[in-house]
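Quick one, fold the following:
(2 chains)
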Amino acid sequence: MRTRLQFALLIFVGVLFAVLQADAATPASAPGPSADSQHLTLELVSPAEAIYPGESFHAGLYFRLESGWHVYWTNAGDSGEPPSAQWTLPAGVTASPIQFPTPRRLPLGPLMDFGYEHEVLFPVPMQVAENFRPAGSTAVIAAKVSWLVCREVCLPGKAEVALTRKVLAAPPSSAEEDASAKVLFTRFAGTMPQPLPATDKATFSSTSKEFTLAVQTGSRESSAEFFPFDQTIIANAAPQPAKPLSSGIALTLTKDDNIQSSPKELHGLVVFPNGKTYEIHAVPGRIPDAPAAAGLTEGGPGTLIKIAGFAFLGGIILNLMPCVFPVLFIKGLALVNSSQHERRQMRLHGWVYTLGIVASFWAVVALLLILRGAGQQLGWGFQFQSPTFIAVMALLLFFLGLSLAGQFEIGLSLTSAGGSLANKGGYAGSFFTGVLAMVVATPCTAPFMGAAIGYALSHSALVSFVVFTALALGLAAPYLLLAYNPRWTKLLPRPGAWMEILKQAVSVPIFGTIIWLVWLFTQLAGTNALLGLLAGFLLLAITGWVLGRWPAKPFSTICAALLVILSVAAPVYAVRNLSSAAMDHVSDSTAKSSWQPFSPALVEQYRMQGRPMLVDFTASWCLSCQVNERVVLDRPDVQQRLKDSGIVLIRADWTRHDESIAQALAALGRSGIPTYVLYDGSVNAQPRLLPEVLTPGIVFSALDSLPKVRQQSAQLVRPSVR
Amino acid sequence: MRRLSVLTVAVIFSTFTLIAYAVRVGSTAPNFTGTDIHGKTHKLSDYRGKYVVLEWTNNGCPYTQKHYESGNMQALQREWTAKDVVWLTILSSAPGKQGYMTGPAESAYLSREHADPTTALLDPAGGIGRQYEAKTTPHMFVIDPSGKLIYEGAIDDHPTTDPADIRISKNYVSEALTEAMSGQPVAIPYTRPYGCSVKYPDID
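Have a look, this model is predicted:
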């Protein structure tokens, strides 16, 4: 009995000893200030070198993340969790809650998270009591930090980090600071939200589906994002359409489907494009300048007139752009035809043509507004991102070209195709020539036009209509002028046999345009789908032959109609079924050159690193962009200068629709390309827009205006991403 | 141009359709048809007259693992299916993404974990998930016998991956079912779900 008891006691003591030893083993591997974990490195930092009574100082949790991985804001959004810390502090030292810098929207399929990529510093304010008495010469500030790090998959992580600091009985005469921590805090100082200044106001109103949040900062703001602190107030992933106010901005926020009652306040962050962030507590109230009427008040009517003027001028210049040239030819042809008519009738034709242009611009702006309303972030020229649309355009022009070249007379029997309408005599012909001019003009965002459209799209419907109308009138003006001015008409050659020759000659630029469209189509849909388009051309050629050989016969009309349907069906089918990832070409060519493909994360990363960079928003369907690239940016001496300056070159290829590029453009107040943006390398500086028409001189002087690039400091702050 | 306007109409129409089918606590839960791990088709409307629990899952997600490795989810499934509740576990992970399972693999996983849902539905295209706007794994929905959604949100009030928290957590699903079955209104009908994002197919 006794031996058994002794034995049990022995085991008990043994176990106890083992437990104690195990316990003692833990502090033996005392945590250091930094910890490597999966996909991130965590470091506990503090500029304060010493702890003394009454001191207020900051500690910070500094996360460096592998590319693509993120940690979360205090409201993580649709999924995820913010990091948290449990502190072990010397007696008399207390930690405030973690502070969260301005987050970013992190879209994930249909979901939206809020968080941080690359690197983030969470400051933690620390307070030392007045009656703090140092025990020993140093003290340890330790934290058990846990977090969730996600890319597509999520991994929970935890680590213990600790800092050792000197302790003093009284404030030192001169405060020592940890230099590298100080640098870090300075660098991230701009990332913390600020309270809304007392002079500013935030109010909101609500409908059954939406909140309208107005933030008045005293100056007109063109875009902003709202991040809610409360987790179940708004639909996180919904776009937040912005309407500039004369002294601020109004954001439309989609309510959470399940919101139970009307909240008393909207508490969140409002982030402006320049990085300025305010924490707001919006109260219910009137939204200043009802957004529908905002157009007339914002920036005063003077700005609107100026923008409308630019739009008008842009419209005139559009007439000279290469992609409108064929239409200019058609218009010239139409004018030649109408010079037989009475002067009054010619004026009417001019007006009908103008009406055609205006009507189609209105149709497009209405469509854009509807799409924008439906949350589609589409830019001007989006039509040319759809291979089906391009195929239909190419077929239409091809058909028109065949007719002009003399294969058949259009308008005798076929009235359905827009191209034939354009070539028809009478007012309908003039109207549809106007429509065609507008459709073809789309991809040429001429200088002025981009700015005007950007202005229009970021404003109310009214402003959009004013700007687009001005644009349309500008496009129509030269022709209208010609129609109105009898003296100019006299300059036109007299009608005669040359008209037929001219008509046939016009088919040449039309076929030229078709080459461009085919090339574009191949870029978008690939060489296999090209078969479908080429088959469509063949079918149209047969159609033309049928119409020319047996004109104005019911049989030939039916045949032609069937063939036309087939010719459209062929490329549509091909796009659906044979389309290949032609995008690979595009990125291939990007990879070979010194240009890096665009991603918002990349731009943000370089921005944070303080690297100057040039972002080129381009697309293969944008001729002005191609010209700028061939003639200026890719010129050897320009390339050399760019290389020497150490600037980062990023190319955003919008040949295919890309939501992130559309958003980036919108953030810059632009909706069209070409757009060239220069970041001068300081974290908080505003990006600078370069003109749409580049010259080597413009590029050189822009590079000269950069602050001297210091590769060394760029190295120092670059996150060590492996 | 005509093609484009057809497209526009389609886009607008589908937007309105989505709005019309928004999932809202207190309204009728939208009907859906899903295929289970044995290839059998299930309709939500088949279960009118019974309580239905929808559980979004992804076995690679640490939040899901918290509830399966602790046995918590299995216990809930057993407890409530014994009370004639239909428990549908739904997998909306796209092929190639975390948590995507074929029928046989999921079947084997469920028996290995001793899980006991009524069945598990495979939703690799994410159709049911998007219809219900399922955000996380787990994300829980409770539907009453009249087809009304009575709870949506988190499984419990401890949004962590630590199984030790389950003991001290308030389970919202059990609360909702208990209250509804005893004829009371559900006190907490809506919470923010927590967990990993649902791994929907990429949209492009």
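
The host helix or strand of residue A:391 vs chain B: in contact?
Assigned by DSSP states H and E, residue A:391 belongs to helix A:387-405. Yes. Against chain B, helix A:387-405 shows contacts by Cβ under 8 Å from any Cβ of the partner chain at A:388, A:389, A:392. C-betas here are computed from N, CA, C, even on glycine.

Then stretch A:594-606?
No. Against chain B, stretch A:594-606 shows no contacts by Cβ under 8 Å from any Cβ, the least distance being 14.3 Å.

can you give me the end-to-end distance of that stretch?
16 Å (Cα to Cα, to the nearest Å).

Residue 199: neighbour count?
Unless you meant another one, I'm taking chain A. The local packing of residue A:199 (other Cβ atoms under 10 Å in any protein chain shown) involves 8 other residues.

my question was about chain B
Using other Cβ under 10 Å, residue B:199 is surrounded by 26 other residues.

circling back: and the helix holding residue A:391, what does it pack against?
When contacts are defined as 3 or more Cβ pairs under 8 Å, 6 or more residues apart in numbering or on different chains; DSSP states H and E, helix A:387-405 sits against helix A:418-423, helix A:498-525, helix A:527-549, helix A:554-577, helix B:2-20.

Go again with 6 Å.
Packed against helix A:387-405 by the contact rule (3 or more Cβ pairs under 6 Å, 6 or more residues apart in numbering or on different chains; DSSP states H and E) you find helix A:418-423, helix A:498-525, helix A:527-549, helix A:554-577.

tell me which residues in the longest one are buried?
So the one you mean is helix A:498-525. For helix A:498-525, the neighbour count (16 or more other Cβ atoms under 10 Å in any protein chain shown) marks A:502-503, A:506-507, A:509-511, A:513-514, A:516-518, A:520-525 as buried.

Do it and chain B come into contact?
No. Figure legend: helix A:498-525 not in contact with chain B (Cβ under 6 Å from any Cβ of the partner chain); closest approach 13.7 Å.

Can you give the distance of that helix from its chain's centre?
33 Å (Cα atoms, centre = their mean, to the nearest Å).

what do you get for the third one?
When C-alpha coordinates are averaged (Cα atoms, centre = their mean), helix A:527-549 and its chain have centres 38 Å apart.

residues in contact with it?
When contacts are defined by Cβ atoms under 6 Å, 6 or more residues apart in numbering or on different chains, helix A:527-549 is touched by residues A:391, A:395, A:398-399, A:402, A:407-408, A:521-522, A:556, A:559-560, A:563-564, A:566-567, A:570-571, A:573-575, A:578-580.

mean confidence score for it?
For helix A:527-549, mean pLDDT is 89.

That helix to helix A:387-405, inter-axis angle?
Note on geometry: by axes from the mean of the first three to the mean of the last three Cα atoms, to 10 degrees, helix A:527-549 and helix A:387-405 are set 30 degrees apart in direction.

what comes up buried for helix A:527-549?
Quick answer for helix A:527-549 (16+ other Cβ under 10 Å): A:529-530, A:532-533, A:535-537, A:539-541, A:543-547.

hmm, back to that, may I see the ChimeraX selection of the buried members of the contacts of helix A:527-549?
In ChimeraX, a selection of the buried entries from the contacts of helix A:527-549 looks like this (16+ other Cβ under 10 Å):
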select /A:391,395,398,399,402,407,408,521,522,556,559,560,563,564,566,567,570,571,574,575,578,579
